[in-house]
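Enquirer: predicted structure and sequence below. I'll ask about it afterward.
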Amino acid sequence: MNQIEEIWQLCLNYINDAEIVTEKEFNTWLKTLKTQVNDGILEIVAANALVYDFVNKKYWHKIEKLLPEFFGDAPVKFVVSNDKPKIDLSKNTSITTSTNTLDIKPAVKPSPKSDNTVDISKMKALNTAAKTTPTERQSREQMHNSTKLTKEHTFETFVRGNSNQLAVAIGMHVTQDLGNKNHNPLFIYGNVGLGKTHLMQAIGNEVHRKNPQAKIRYLHANDYIQDVVKASQSHGFDAFKKYYNGLDLLLMDDIQFIAGDKTKSQEEFFYTFNNLLEKGKQIIMTCDTYPKNINLNDRLTSRFSSGLTVEIQPPELEMRVAILKNKALRSAKLELDDEVAFFIAQNIKSNVRELEGALNKVIYHAKFSKIGLTIGVAKEALMELIAGESRIISIDDIQKTVCDYYKIKLSELLSKKRTQNITRPRQIAMSIAKELTQMSLPSIGANFGGRDHATVIHAQKTVAALRESDERVDRDYKLLLQMLQN
């Protein structure tokens, strides 16, 4: 990313943080805008005429007022890209939507400031930007590579919505106050494919951008276990401890895997963990469940709970649409039709990975289609996936089925009542929810009248014990499972 693009990203960050636009519209429209310099004039570039028209009518007058704060008195134009969206299809096939083709003609419309021709070097931000030599740039590149971070995993490429906005806000705050005990360690949890790794790496990349000298390391928990094994075999624990204890930011993915190693790895991680915390160094971890549910030794579990824990939940419909459009634009240079995007998003609900997989399947299916990327092609491509998704059982399905079976009201199931005729169905419903859905324990508890994860764990244990000792409870449980699954 060049200096001009970096300044534009700062401008976008300001627009987003100041809530000048809504979160959804920011992700769908403004984040796609790029910059380029043409004949000494800074151009803010919309990917196509649709984006141009929407932003120009609704937001450009607001954006234009902010530009002098970031780019000084440099002339600015708002333009449409000359590049047509491309996709690697067969030579004789062009991608089309259900209503129009993606063959977009450029339409340049200058802003009022474009009449003044001022050299781009007059930008205040560029005048003060630090110059780096090739050697310095190479050194920074090597330092970044040592972090093991994926450069594309940034806050700018992370699609935000209601399901992750708190986690993103906390992540951005951590980059501004690294090592603060109020968020150290930071524990990010949620089901697979929801963006935990992307968010954690975005934090790491932002820290590196602000301070290239910071010692950062991203790794999977299995990599840490392998490092412990190698150190043990080669008697190299001094070097091992020196490396990990010297980090400024440790990013560990899927910490639950350490639970599989009951001895040395947990012991070494406990010492690494304590050492970094005592030095005020930041630790960030991800996991697929709430930290107290990981089968770790009590010392580690207690230490994990001393910082800040935040959950990422499955994306809502609008966010799924934004993810699809963003992914199509970035990876396939394709402006995805709204009708197709909504169709995919309405039918693939489980997680971001499956959503992106569905998009790839639709795009490749369109490659061999004579009619291009239409809603019909999308339906044909996702026939099997949609059939599988349609069998996914929701928390609402479980609650309704249990209430009908035990002849109680939903309001009673979710109430604070603790009579046995209400408590037992509630515990069974919670246990079934844990078995048949991918929801986390805190999410299940929240959907049962705002209860906590400990209540869900207690319900699971109680129902499991009753099924062993009470044939009627076991029969009811199996019958409810059969009703829901069929």
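Expert: Cool, the structure landed.
Enquirer: quick one: residue 245 and residue 276, what's the gap?
Expert: Noted for residue 245: a distance of 7 Å to residue 276, by C-beta to C-beta, to the nearest Å. (Each C-beta comes from the backbone N, C-alpha and C, glycine too.)
Enquirer: if you count surrounding residues, which of those two has more?
Expert: Using other C-beta atoms under 10 Å as the criterion, residue 245 and residue 276 rank with residue 276 on top: 22 against 16.
Enquirer: for that one, pull up the helix or strand it's in.
Expert: Secondary structure assigned from DSSP states H and E places residue 276 in helix 264-278.
Enquirer: ramachandran angles for the spatially closest residue to residue 159 that is not a sequence neighbour?
Expert: Among residues not flanking residue 159 along the chain, residue 323 sits closest, at 4.7 Å (C-beta to C-beta, 6 or more residues apart in numbering). Dihedral angles of residue 323 (phi, psi; degrees, to the nearest 10) stand at phi -60, psi -40.
Enquirer: tell me the contacts of residue 323?
Expert: 159, 315, 352, 355-356 (C-beta atoms under 8 Å, 6 or more residues apart in numbering).
Enquirer: ok, now residue 45?
Expert: 33-36, 79-81.
Enquirer: tell me the SS of it?
Expert: Here residue 45 is recorded as strand under DSSP: H, G, I helix; E, B strand; the rest coil.
Enquirer: got phi/psi on the residue lying closest to it once chain neighbours are set aside?
Expert: Using C-beta to C-beta, 6+ apart and skipping the chain neighbours, the partner closest in space to residue 45 is residue 34 (4.6 Å). Backbone geometry at residue 34, expressed as degrees, to the nearest 10, gives phi -120, psi 180.
Enquirer: grab the nearest non-local neighbour of the one residue sitting closest to the centre of the chain.
Expert: Central residue of the chain (C-alpha atoms, centre = their mean): residue 195, 3.0 Å from the mean position. Nearest residue to residue 195, sequence neighbours excluded (C-beta to C-beta, 6+ apart): residue 352, at 5.6 Å.
Enquirer: next: residue 255.
Expert: In this structure, residue 255 finds its nearest non-sequential neighbour in residue 285, 4.4 Å apart by C-beta to C-beta, 6+ apart.
Enquirer: which SS class is that neighbour?
Expert: Quick answer, by three-state DSSP: residue 285 is strand.
Enquirer: same deal with residue 219?
Expert: Residue 219 is classified as strand under three-state DSSP.
Enquirer: low-confidence bits of the stretch 151-300 of the chain, can you list those?
Expert: When residues are selected by pLDDT under 70, those of the stretch 151-300 of the chain lie in 260-263.
Enquirer: who touches stretch 232-243?
Expert: 227-228, 230-231, 264, 268, 271-272.
Enquirer: buried among those residues? Need that as a selection in PyMOL.
Expert: Only the buried members of the contacts of stretch 232-243 enter the following PyMOL selection, criterion being 16 or more other C-beta atoms under 10 Å:
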select buried, resi 227+228+231+268+272
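Enquirer: could you identify the most distant pair in the contacts of stretch 232-243?
Expert: Spatial extent of the contacts of stretch 232-243 (C-beta to C-beta) is set by the pair 230 and 271 at 17.0 Å.
Enquirer: what helices or strands is the helix or strand hosting residue 169 leaning on?
Expert: Residue 169 belongs to helix 165-176 when assigned by DSSP H and E. Counting contacts by 3 or more C-beta pairs under 8 Å, 6 or more residues apart in numbering; DSSP states H and E, helix 165-176 packs against strand 186-189, helix 196-210, strand 308-311.
Enquirer: highest mean neighbour count out of these?
Expert: Mean neighbours per residue, mean count of other C-beta atoms under 10 Å, is largest over those for strand 186-189, with a mean of 24.
Enquirer: pairing partners for it, with directions?
Expert: strand 282-287 (parallel), strand 308-311 (parallel) (DSSP bridges).
Enquirer: what's opposite the nearest residue to residue 60 once chain neighbours are set aside in the beta bridge?
Expert: Among residues not flanking residue 60 along the chain, residue 78 sits closest, at 5.7 Å (C-beta to C-beta, 6+ apart). As for beta bridges, residue 78 partners with residue 44, residue 109 under DSSP bridges.
Enquirer: what about residue 78, neighbour count?
Expert: Residue 78 has 21 neighbours, counted by other C-beta under 10 Å.
Enquirer: where does it land on pLDDT?
Expert: Residue 78 is assigned 91 on the pLDDT scale.
Enquirer: quick one: it and residue 63, what's the gap?
Expert: Note on residue 78: its distance to residue 63, by C-beta to C-beta, is 8 Å.
Enquirer: what do those two both touch?
Expert: Going by C-beta under 8 Å, 6+ apart, residues that sit against residue 78 and also against residue 63 are 44, 55.
Enquirer: residue 437 is in contact with residue 399, isn't it?
Expert: No: here residue 437 lies out of contact with residue 399, judged by C-beta atoms under 8 Å, at a distance of 11.4 Å.
Enquirer: higher neighbour count, the two?
Expert: Between residue 437 and residue 399, counting by other C-beta under 10 Å, residue 399 is the more crowded of the two (21 against 18).
Enquirer: now the helix or strand hosting that one, how far from the centre of its chain.
Expert: Assigned by DSSP H and E, residue 399 falls within helix 395-406. From the chain centre to the centre of helix 395-406 is a distance of 31 Å (C-alpha atoms, centre = their mean, to the nearest Å).
Enquirer: do stretch 395-410 as well
Expert: Here stretch 395-410 shows a centroid-to-chain-centroid distance of 33 Å under the convention C-alpha atoms, centre = their mean.
Enquirer: contacting residues for the residue nearest to residue 45?
Expert: Applying C-beta under 8 Å, 6+ apart, one finds that residue 34 lies in contact with 5, 8, 44-45, 47, 81.
Enquirer: between those residues, which is nearest residue 443?
Expert: Checking the contacts of residue 34 against residue 443 with C-beta to C-beta, the nearest one is residue 47 at 35.8 Å.
Enquirer: tally of neighbours for residue 318?
Expert: Neighbour tally, residue 318, other C-beta under 10 Å: 17.
Enquirer: my read: it touches residue 24, true?
Expert: Yes: shown here, residue 318 and residue 24 form a contact pair, counting by C-beta under 8 Å, at 5.2 Å.
Enquirer: what touches both of these two?
Expert: residue 161.
Enquirer: tell me how the protein divides into domains.
Expert: If you go by automatic domain parsing, the domain ranges for the chain are 3-139, 164-311, 317-389, 395-485.
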